[in-house]
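**Student:** Sequence first, predicted model second:
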Amino acid sequence: MAITRVEVTPKQGPGMRDVRGDVVRRQLAADHNISVSEIRSIVGFLIKSDIDGEAIATRVDDLFADPIIEDAATNTLLLTNKERFPTAPSTVVTVGFKAGVTDNPGTAALDGFRTIFPNAGIASISTYITYAFFGLSEEV
């Protein structure tokens with residue numbers, strides 16, 4: 001059984017916003033007086049399944065991403081993509097669920113995964129979120 005990684009991030013450009021990143025940026029400013037120029041988020045899915053990674057990659061936009069507002073990548077880290085992240089962030093924080101903790105987004109993704117791949121057999125999906133901080137003071 002192989003593990004396939006899918007990562008999804010909001011597209012950048014005129015009129016496009018990373019709402020998750022904006023919420024964290026505002027909370028840091030309001031609650032801790034920490035100023036960050038930009039925070040970008042990446043939602044990750046770790047899919048443990050017998051389904052081939054290439055087959056999963058062809059269906060990423062059907063299950064994991066909205067191709068109109070999000071970019072997705074399979075079996076690669078979005079932070080290493082210079083087109084999507086041309087500048088290195090000041091700091092990166094990744095948060096995942098501890099084993100045994102209910103992962104509601106992972107459960108919902110698994111339900112959709114089993115619909116798209118009915119012969120997936122025993123499969124599991126866990127999620128994580130990565131925050132990339134840009135313009136964070138070195139003092140923090």
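**Tutor:** Good, I have the coordinates.
**Student:** which residues of the chain fall in helices?
**Tutor:** Taking DSSP state H as the criterion, the chain carries its helices at 19-32, 53-58, 60-63, 104-116.
**Student:** so which of these comes closest to residue 79?
**Tutor:** Closest to residue 79 of those, according to CB to CB: helix 19-32, at 13.4 Å. From N, CA and C alone the C-beta is placed, and that goes for glycine too.
**Student:** Pull out the buried residues from the closest one.
**Tutor:** 20-21, 24-25, 28 (16 or more other CB atoms under 10 Å).
**Student:** With respect to residue 128, which of those is nearest?
**Tutor:** Comparing the buried residues of helix 19-32 against residue 128 with CB to CB places residue 20 closest, at 12.8 Å.
**Student:** Any idea what the residue most central in space within the chain is bridged to?
**Tutor:** The chain has residue 43 as the residue nearest its centroid, 1.4 Å off, counting by CA atoms, centre = their mean. Beta bridges link residue 43 to residue 8, residue 129 when assigned by DSSP bridges.
**Student:** which ones are touching it?
**Tutor:** Taking CB atoms under 8 Å, 6 or more residues apart in numbering, we find residue 43 in contact with 7-9, 105, 127-129.
**Student:** any idea of the pLDDT on it?
**Tutor:** For residue 43, the pLDDT comes out at 97.
**Student:** swap in residue 60?
**Tutor:** With respect to pLDDT, residue 60 scores 95.
**Student:** How many neighbouring residues does the closest residue to it other than its chain neighbours have?
**Tutor:** Leaving aside its chain neighbours, residue 60 sits nearest to residue 72 (4.7 Å; criterion: CB to CB, 6 or more residues apart in numbering). With neighbours defined by other CB atoms under 10 Å, the count for residue 72 comes to 19.
**Student:** hang on, the earlier thing: give me the distance between the residue nearest to the centre of the chain and residue 14.
**Tutor:** Computed with CB to CB, to the nearest Å, the distance linking residue 43 and residue 14 is 23 Å.
**Student:** same check, this time on residue 91
**Tutor:** Distance from residue 91 to residue 14, by CB to CB: 27 Å.
**Student:** Same check on residue 32?
**Tutor:** Computed with CB to CB, the distance linking residue 32 and residue 14 is 30 Å.
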